[in-house]
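1. Predicted model and sequence below, questions to follow.
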Amino acid sequence: GSLHDLRDEVAARAGLPTPDYSASVPTTTWPAIAWFVFAATVAALIGRLGLSGAAPAGVDRPDQVVWAVAATLAGILASVTAAFGSSRDRSDVGSLVLTRLAAGFADLLRPLHSANVALRVRTLLTSGVDAGTALGSVGVTLAARAFTHLAVLYLTVRLSGSDGSIDLVDHPDPVQVAVTAGTVVVLIAANFAAPLRRIAARDVVVPLRSAPAGLRALTGHTTRLAQLFIGSLLVPLATVGAMVAADRSVGGTLDPPSIALATLLVLFVAALTPIPGGAGLTEAGLVAGLVLLGERGTVALSAVVLFRLVSTWLPAAVGWLALRRLRATGRLDPGPASPAQPTSSASGSYTAR
């Protein structure tokens, strides 16, 4: 309507620049290698100190490893579907797949998912999407993913505590609980330090503020909305499926709702910390959560290591190749910054404000 036209005209005359995410797009791989070594060290320490010398469980059901891989691939496909549905503009599926794979690798390079967001925005800018549309598309995807993750987490809490309480194998050591909680609080509070606050304000907050505009642009396009929210919903479900399969592959017997509760809660908390990819923290948290809810320690450690290899570290290696492909084909170079262009309501685009 006329209000949208007026808003677009004001934004265009204001000469809003295209955000420059070039500094946030990863150019090196060494941080990912360092975080992998750190995560492996944490897992080794858990095995040495937490299992009292007992050998971790081995894989006795290879078919479940295949299911874990399949669930991970399903999660990647669901993520691509959500990204495809986040914009009314026509998108190149090949670029979306490469970007999704590369974004998983980028998450291991910079804190607060900033490299992930930058990669997605610059890929859209290179494809010819204007700045407002790119920010809104990425922002609404982030918001939808967070909403559906919390919704599934709430459901698992209800299922795990359907009898009024969540069953724990034993009361946890108060000292360990205090140390764990203090560590998490310190890590989350670190986000408010000046360097991390600047990264968040530049790379993450701007797209999130554009999410309402991105959602409004999808109004009336039920197919795209369905792709966005169904794809976003399937991502945490696929993640849980991969964790359940990993647990079963090493002889685990913990019920799926409890596995889902531990997995989704730990991944959510890890995402709030500045540690790229939640390296180390996720491994330790998942092992502790599974053991607390009833899984054997030897099984929990093996299941978590397998889960992280299948769902994070191996896809990250593929993501490195995808990132190289994006660079080689010029899909990360949108050129010099330019003012955001006005768009008509018929096109369904929106302008950064």
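-> Sure thing, it's come through. Residues are numbered from 1 along each chain as shown.

2. rest of the way, CA atoms for contacts and neighbours
-> Will do.

3. so what's Leu51 up against?
-> By C-alpha atoms under 8 Å, 6 or more residues apart in numbering, the residues touching Leu51 are Gly297, Thr298.

4. Same check on Arg331?
-> With C-alpha under 8 Å, 6+ apart, Arg331 has these contacts: Arg122, Thr123, Thr126, Ser127.

5. where does this protein have low pLDDT?
-> 1-20, 23, 161-172, 334-353 (pLDDT under 70).

6. give me that answer again for 80
-> For the chain, the stretches with pLDDT under 80 are 1-27, 52-53, 88-92, 160-177, 333-353.

7. Which parts of it are strands?
-> Assignment of strands within the chain using DSSP state E yields no ranges at all.

8. Show me which helix runs longest in it.
-> Ranked by number of residues, the top helix in the chain under DSSP state H is helix 131-160.

9. Tell me the helices and strands packed up against that helix.
-> Applying 3 or more C-alpha pairs under 8 Å, 6 or more residues apart in numbering; DSSP states H and E, one finds that helix 131-160 makes contact with helix 62-85, helix 114-126, helix 206-209, helix 211-217, helix 222-249, helix 256-271.

10. Let me have the ones you listed in JSON lines, extended by mean neighbour count and distance to Arg198.
-> Shown next, in JSON lines, are the helices and strands packed on helix 131-160 (neighbours: other C-alpha atoms under 10 Å; distance: least, C-alpha to C-alpha, whole Å):
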{"stretch": "helix 62-85", "mean neighbour count": "22", "distance to Arg198": "26"}
{"stretch": "helix 114-126", "mean neighbour count": "25", "distance to Arg198": "11"}
{"stretch": "helix 206-209", "mean neighbour count": "21", "distance to Arg198": "11"}
{"stretch": "helix 211-217", "mean neighbour count": "21", "distance to Arg198": "20"}
{"stretch": "helix 222-249", "mean neighbour count": "23", "distance to Arg198": "28"}
{"stretch": "helix 256-271", "mean neighbour count": "21", "distance to Arg198": "18"}
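
11. So which of the ones you listed is nearest Leu326?
-> Nearest to Leu326 among the helices and strands packed on helix 131-160 is helix 114-126 (8.4 Å), distances taken as C-alpha to C-alpha.

12. who touches Gly104 in this structure?
-> Asn116, Thr312, Pro315, Ala316, Gly319.

13. How many residues are close by the fourth one?
-> Other residues within reach of Ala316 by the criterion other C-alpha atoms under 10 Å amount to 22.

14. Can you report how many residues lie near the closest residue in space to Ala102 that isn't next to it in sequence?
-> Here the nearest residue to Ala102 in space, its sequence neighbours aside, is Gly319; by C-alpha to C-alpha, 6 or more residues apart in numbering that works out to 4.0 Å. A total of 23 residues lie near Gly319 under the criterion other C-alpha under 10 Å.

15. swap in Leu49?
-> By other C-alpha under 10 Å, the burial measure for Leu49, its neighbour count, is 10.

16. same deal with Pro195?
-> 10.

17. just the one 5 residues further on next, same as before
-> Using other C-alpha under 10 Å, the number of residues around Ala200 comes to 18.

18. Let me know whether it touches Leu112 as I believe.
-> Yes. Between Ala200 and Leu112 there is a contact at 6.7 Å, judged by C-alpha atoms under 8 Å.

19. Overlap in contacts, those two.
-> Contacts common to Ala200 and Leu112, judged by C-alpha under 8 Å, 6+ apart, are absent.

20. quick revisit: shouldn't the residue nearest to Ala102 be in contact with Asp107?
-> No. Contact between Gly319 and Asp107 fails when scored by C-alpha under 8 Å: they sit 10.1 Å apart.

21. OK, contacts around Asp92?
-> With C-alpha under 8 Å, 6+ apart, Asp92 has no contacts at all.

22. For it, give me phi and psi.
-> phi -90, psi 120 (degrees, to the nearest 10).

23. now, which of the contacts of Gly104 sits nearest Arg327?
-> For these, the nearest to Arg327 is Gly319 (12.3 Å; C-alpha to C-alpha).

24. how far away is the closest one from Pro274?
-> From Gly319 across to Pro274, the span is 21 Å (C-alpha to C-alpha, to the nearest Å).

25. same question, Arg325
-> 27 Å.

26. Same check on Leu314?
-> 22 Å.

27. of these two, who's got more company?
-> With neighbours defined as other C-alpha under 10 Å, Leu314 and Pro274 compare such that Pro274 has more, 18 against 12.

28. need the contact list for the nearest residue to that one once chain neighbours are set aside.
-> In space, and not counting its chain neighbours, Pro274 is closest to Pro111: 4.8 Å by C-alpha to C-alpha, 6+ apart. Pro111 sits next to Leu196, Pro274, Ile275, Pro276 when contact means C-alpha under 8 Å, 6+ apart.

29. repeat that for 7 Å
-> Residues near Pro111 by C-alpha atoms under 7 Å, 6 or more residues apart in numbering: Pro274, Ile275, Pro276.
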